[in-house]
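Asks: What shape does this take:
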Amino acid sequence: MKKILLVCAAGMSTSLLVNKMKKHAEQMEEDIEIIALPVSEAGTMIAESDIVLLGPQVRYQKSQVESMAGDTPVAVIDMRDYGTMNGEAVLEKALQLIK
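Replies: Predicted structure coming up:
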């Protein structure tokens, strides 16, 4: 099972994106766990994640998250994909970065 952690400011809008990503994962018949947490709580789940995706609104905290992440890849979600809640595109990019 792959684990994807989405990190944002408060977790509200990212929760919508998580739902769309999960729907796409089901269509792909992939076993993927996707969760969203605010930056303040992200440290608790980074070690268990295969990748950490940052919402565009917290991209300025990328270096802080990378220092917590160690070898776990950290990427910023494309602003257009985030704004349009394109769960398919975000999931596909995450899976590419995990490989």
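Asks: going forward, measure contacts and count neighbours with C-alpha atoms only.
Replies: Fine.
Asks: where does the chain have low pLDDT?
Replies: Filtered on pLDDT under 70, the chain yields the residue ranges 11.
Asks: Give me the buried positions along the longest helix belonging to it.
Replies: Using DSSP state H, we find that the single longest helix of the chain is helix 12-28. Neighbour-count burial for helix 12-28 flags 14, 15, 17, 18, 20, 21, 22, 24, 25 (criterion: 16 or more other Cα atoms under 10 Å).
Asks: From the chain's centroid, how far away is stretch 61-73?
Replies: Stretch 61-73 sits 13 Å away from the centroid of its parent chain (Cα atoms, centre = their mean, to the nearest Å).
Asks: go on, stretch 49-56?
Replies: 3 Å.
Asks: then it to CSV, C-alphas only?
Replies: Extracted C-alpha coordinates of stretch 49-56, given in CSV (Å, rounded to 0.1, in the frame of the first residue of the first chain):
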residue,chain,number,x,y,z
SER,A,49,4.3,8.3,4.1
ASP,A,50,5.8,7.5,0.7
ILE,A,51,5.5,11.1,-0.4
VAL,A,52,4.4,14.5,1.0
LEU,A,53,2.5,16.9,-1.2
LEU,A,54,2.3,20.5,-0.1
GLY,A,55,-0.7,22.7,-0.9
PRO,A,56,0.4,25.8,-2.9
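Asks: what's the span of stretch 39-50 from first residue to last?
Replies: Terminal residues of stretch 39-50 lie 17 Å apart, using Cα to Cα, to the nearest Å.
Asks: contacts for that stretch?
Replies: Identification of contacts with stretch 39-50 by Cα atoms under 8 Å, 6 or more residues apart in numbering yields 2-5, 7-10, 52, 58, 65, 68-69, 72-73, 98.
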